[in-house]
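**Student:** here is my input; please provide its structure:
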Amino acid sequence: MSSAVISYPTIGLFEYVDSNAVSAEARLVGDLFIETREKLWSSRSLGQSREECRNQLMDAYREAASEGWDGYGAHKIERSTISNASAFIDSLPSNIPMPDVSVEPDGEISFDWICSKRWQFSISLGTRGVMSYAGLFGSDNVAGSERFPGMLPRTVLEHIKRVAA
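**Tutor:** Down below sits the predicted model:
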C-alpha cells in the first residue's frame with residue numbers, strides 16, 4: 001500500500017524569486033506578482049504581522065526624526081533608510097515571523113529576531129543599502145554584511161530561517 005507524500009514549499013507564500021529574465025513578458029509577470037502580493041498582504045489574515053512591523057518602522061522614524069534624538073548625539077534617520085527598511089520588510093517571506101524593529105544611534109534601522117539569550121539574529125540597514133548582520137545560534141555565531149538589492153540574499157534568508165525555526 002502506498003501513501004501520498006505531502007511536501008511543503010521551501011520558500012514562503014509570495015516570496016519573490018528573481019529569475020533574471022528580461023523580456024517584456026517577464027517584467028509583466030513580475031509586476032503582476034507584486035500587485036497580487038500587495039493585495040493579499042492587505043488582508044487581515046495574511047498581512048497583519050507585516051503591517052505591525054511597518055508600524056514599528058514608522059514609530060522608529062518618528063522617534064529619531066531629528067539629530068540628537070536620544071539626548072546623546074544620535075544621528076537622525078534619513079528617508080532613504082526608511083525606504084530601504086520598508087523594502088526589506090516587503091522582501092520577507094510569509095513563512096517566517098516578522099522581526100522587532102528599532103532605531104540605532106547611527107541612524108540605521110535594526111531588525112531583530114530574538115528567541116532567547118543564545119538564539120538570536122539581527123540585521124542593521126541604512127542609507128547605503130548594505131545589511132550588516134550578526135547571529136548567535138547556541139554556541140555558533142555568524143556575522144557579515146551584504147548588499148540589499150531589494151531582495152533578501154539567500155545566505156541572510158537562511159540565517160533568519162535558522163533563528164525563526
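**Student:** tell me how far residue 124 lies from residue 146.
**Tutor:** Residue 124 is 12 Å from residue 146, where distance means CB to CB, to the nearest Å. Where you see a C-beta, it was placed from the backbone N, CA and C, and this is true even at glycine.
**Student:** identify the contacts common to these two.
**Tutor:** 131, 133 (CB atoms under 8 Å, 6 or more residues apart in numbering).
**Student:** burial of residue 49, as a residue count?
**Tutor:** When neighbours are counted by other CB atoms under 10 Å, residue 49 registers 13.
**Student:** give me every residue that touches it.
**Tutor:** Counted by CB under 8 Å, 6+ apart, residue 49 has contacts 97, 98.
**Student:** what's the helix or strand for it?
**Tutor:** helix 44-63 (DSSP states H and E).
**Student:** tell me the helices and strands packed up against the helix or strand residue 132 falls within.
**Tutor:** Following DSSP H and E, the helix or strand that holds residue 132 is strand 130-137. With contacts defined as 3 or more CB pairs under 8 Å, 6 or more residues apart in numbering; DSSP states H and E, strand 130-137 has these neighbours: strand 119-125, strand 140-147, helix 154-164.
**Student:** closest to residue 93 out of those?
**Tutor:** helix 154-164 (7.4 Å; CB to CB).
**Student:** which residues does residue 130 contact?
**Tutor:** Counted by CB under 8 Å, 6+ apart, residue 130 has contacts 145, 146, 147, 148.
**Student:** try 7 Å
**Tutor:** 145, 147, 148 (CB atoms under 7 Å, 6 or more residues apart in numbering).
**Student:** can you report how many residues lie near the second one?
**Tutor:** For residue 147, the count of nearby residues is 10 (other CB under 10 Å).
**Student:** Throw the helices and strands packed on strand 130-137 into a markdown table and include distance to residue 58, thanks.
**Tutor:** Formatted as a markdown table, the helices and strands packed on strand 130-137 follow (distance: least, CB to CB, whole Å):
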| stretch | distance to residue 58 |
| --- | --- |
| strand 119-125 | 15 |
| strand 140-147 | 25 |
| helix 154-164 | 22 |
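**Student:** so which of these comes closest to residue 84?
**Tutor:** Closest approach to residue 84 among the helices and strands packed on strand 130-137 (CB to CB): strand 119-125, 5.3 Å.
**Student:** so what does that closest one touch, helix or strand wise?
**Tutor:** Strand 119-125 is packed against helix 79-91, strand 109-116, strand 130-137, helix 154-164, with contacts defined by 3 or more CB pairs under 7 Å, 6 or more residues apart in numbering; DSSP states H and E.
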